[in-house]
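Peer 1: Just need the structure, nothing else, for what follows:
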Amino acid sequence: MEQGKKFEVRRIQVTGRGSFIVSLPKRWVIERSLNRGDKVVFSDGGEGSLRISPLESAVKSGPSETTFTINPLTDPESIIRRIVALYLIGFTVIRMKTPQNRFEAVHSDYVKEFVRRKLVGTEVVFESPNEITLQVLISYPELSIDSALRRMVTVTVAMLRDAVSALATGETTLAGEVLKMEDEVDRFGFYIVRQLKMASQDLSVMKQLGLNSGRDIIGYRLVTKSVERAADHAVKIAENVQAMRVKTSSRLIQKICELGGEATKFFEDSVKALYRRNYEEADNVLKRMGMFDSLENRVLNDMNRYKIDPVQMSSLRLIVESLRRVEEYGSDIAEVVLNLTAVG
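Peer 2: Numbers count the residues shown, from 1 in each chain. Next comes the predicted model:
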């Protein structure tokens, strides 16, 4: 194979017994230190391609176990970031050790609480004073990407509706419930990203997860990000409701809630188009963007007509901005649907 070439053409040969054979490029064989009699593995590379790997590397492919050390002065958030990175990469067993006789209580407690709240199917399977072992126990068929995404969306839509209801009624307790629901969205978001990364490296995993191609992997990654961001803005709406301490015109609040209802429906309809893989539905959702813009402008104009406490005004404007972002994330999802279904 000449330097700089991305591919090489080889002729298919036929043996006397009717078997088809193709010779391997000499350079490829030498680079992998292969010899006569060594075994190679053939696997479906997807979209009509065939993947060839040395048997040893094929057996060893994919991460399984890893260990890292936690020093006494390590920031707990730094530990969490590393655990998340290793979880997303696809490690099944994650061991943490300390050079001390025992972990700092703040470290061990923080890790165990985070795993409980944020990582689907992950448990502490071993714990001693100076070692903690996490293991991902859930397997691909048990929770498909589609099921995990549907759960994410269900919780996110509930968060948006409750946040808007809290604004309408002034119930700060309901707003507080929205904040508690964010963990559920994060849990399934991490799980989906983990599965997508593993699917991108192994066609068999991709098939087990119900995905058909690399386009699906990219599309679901973008959709997952949009759902996570919509949930983040539901939290911001709830936080701004909690920050409001002065009664505002009920007419203005009603109009903002109408805007919230439209943003939530826009987002929900975009996801429904994804579930159905329906190009026309996604296209129709995007056509409604102008209606949302008009409603938002009317709300902003009404806000300027009222004498509102500056702190209250800031909270209301941030709520309207969050509703705008939810609508934008819905449009992002609809555009993903168009990209996935434009060609039958």
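Peer 1: use CA for all of it now, contacts and neighbours both
Peer 2: Noted.
Peer 1: which is the next helix or strand following the helix or strand where residue 148 lies?
Peer 2: With secondary structure defined by DSSP states H and E, residue 148 is part of helix 145-169. For helix 145-169, the succeeding helix or strand toward the C-terminus, using DSSP H and E, is helix 172-201.
Peer 1: Are there helices or strands packed against that next one, and which ones?
Peer 2: helix 76-89, helix 105-118, helix 145-169, helix 203-208, helix 214-243 (3 or more C-alpha pairs under 8 Å, 6 or more residues apart in numbering; DSSP states H and E).
Peer 1: Enumerate the positions of the second one that are buried.
Peer 2: So that's helix 105-118. For helix 105-118, the buried set under the neighbour-count rule, 16 or more other C-alpha atoms under 10 Å, comprises 107-108, 111, 115, 118.
Peer 1: low-scoring stretches of the protein, by residue?
Peer 2: Across the chain, the ranges flagged by pLDDT under 70 are 1-6, 44-47, 56-63, 140-141, 246, 344.
Peer 1: try 50
Peer 2: The chain contains residues with pLDDT under 50 at 1-4.
Peer 1: still on that earlier bit, any chance of the buried residues of helix 105-118 in a markdown table with distance to residue 173 as columns?
Peer 2: Formatted as a markdown table, the buried residues of helix 105-118 follow (distance: C-alpha to C-alpha, whole Å):
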| residue | distance to residue 173 |
| --- | --- |
| 107 | 31 |
| 108 | 31 |
| 111 | 28 |
| 115 | 26 |
| 118 | 23 |
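Peer 1: tally of neighbours for residue 250?
Peer 2: 11 (other C-alpha atoms under 10 Å).
Peer 1: Please apply the same query to the one 5 residues further on.
Peer 2: Applying other C-alpha under 10 Å, we find 19 residues neighbouring residue 255.
Peer 1: Could you find the closest non-adjacent residue to it?
Peer 2: residue 299 (6.3 Å; C-alpha to C-alpha, 6 or more residues apart in numbering).
Peer 1: Can you name the residues that contact that neighbour?
Peer 2: 252, 255-256 (C-alpha atoms under 8 Å, 6 or more residues apart in numbering).
Peer 1: Sitting in helices, which of the residues you listed do you find?
Peer 2: In helices, defined here by DSSP state H, the members of the contacts of residue 299 are 252, 255-256.
Peer 1: Which one of the helices and strands packed on helix 172-201 lies nearest to residue 139?
Peer 2: helix 203-208 (10.0 Å; C-alpha to C-alpha).
Peer 1: Which strands or helices does that closest one pack on?
Peer 2: strand 40-46, helix 172-201.
Peer 1: I'd like these laid out as a markdown table, including mean neighbour count.
Peer 2: Listed next are the helices and strands packed on helix 203-208 as a markdown table, based on neighbours: other C-alpha atoms under 10 Å:
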| stretch | mean neighbour count |
| --- | --- |
| strand 40-46 | 14 |
| helix 172-201 | 20 |
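Peer 1: out of these, nearest to residue 13?
Peer 2: strand 40-46 (17.6 Å).
Peer 1: so after that closest one, what's the next helix or strand?
Peer 2: strand 49-54.
Peer 1: Name the residues of the helix holding residue 148 that come out as buried.
Peer 2: Per 16+ other C-alpha under 10 Å, helix 145-169 contains these buried residues: 145, 148-150, 152-153, 155-168.
Peer 1: which other residues reach it?
Peer 2: 172, 174-175, 178, 181, 184-185, 188-189, 191-192, 195, 209-210, 224, 227, 230-231, 234-235, 237-238, 241, 253-254, 257, 260-261, 264, 268, 271.
Peer 1: Taking helix 214-243 as reference, get the angle to that helix.
Peer 2: Put simply, helix 145-169 runs at 20 degrees to helix 214-243, going by axes from the mean of the first three to the mean of the last three C-alpha atoms, to 10 degrees.
Peer 1: what angle sits between helix 145-169 and helix 172-201?
Peer 2: Interaxial angle of helix 145-169 relative to helix 172-201 (the same axes, to 10 degrees): 160 degrees.
Peer 1: How about the secondary structure of residue 135?
Peer 2: strand (DSSP: H, G, I helix; E, B strand; the rest coil).
Peer 1: Spatially nearest residue to it (excluding sequence neighbours)?
Peer 2: Nearest non-adjacent residue to residue 135 (C-alpha to C-alpha, 6+ apart): residue 93, at 4.5 Å.
Peer 1: Please name the bridge partners of that neighbour.
Peer 2: residue 65, residue 135 (DSSP bridges).
Peer 1: ok, it - contacts?
Peer 2: 64-66, 133-136.
Peer 1: Among these, name the buried ones.
Peer 2: Among these, those classed as buried by 16+ other C-alpha under 10 Å are 133-136.
Peer 1: how many other residues sit next to residue 273?
Peer 2: 21.
Peer 1: wait, what's in contact with it?
Peer 2: 279, 281-282, 334, 337.
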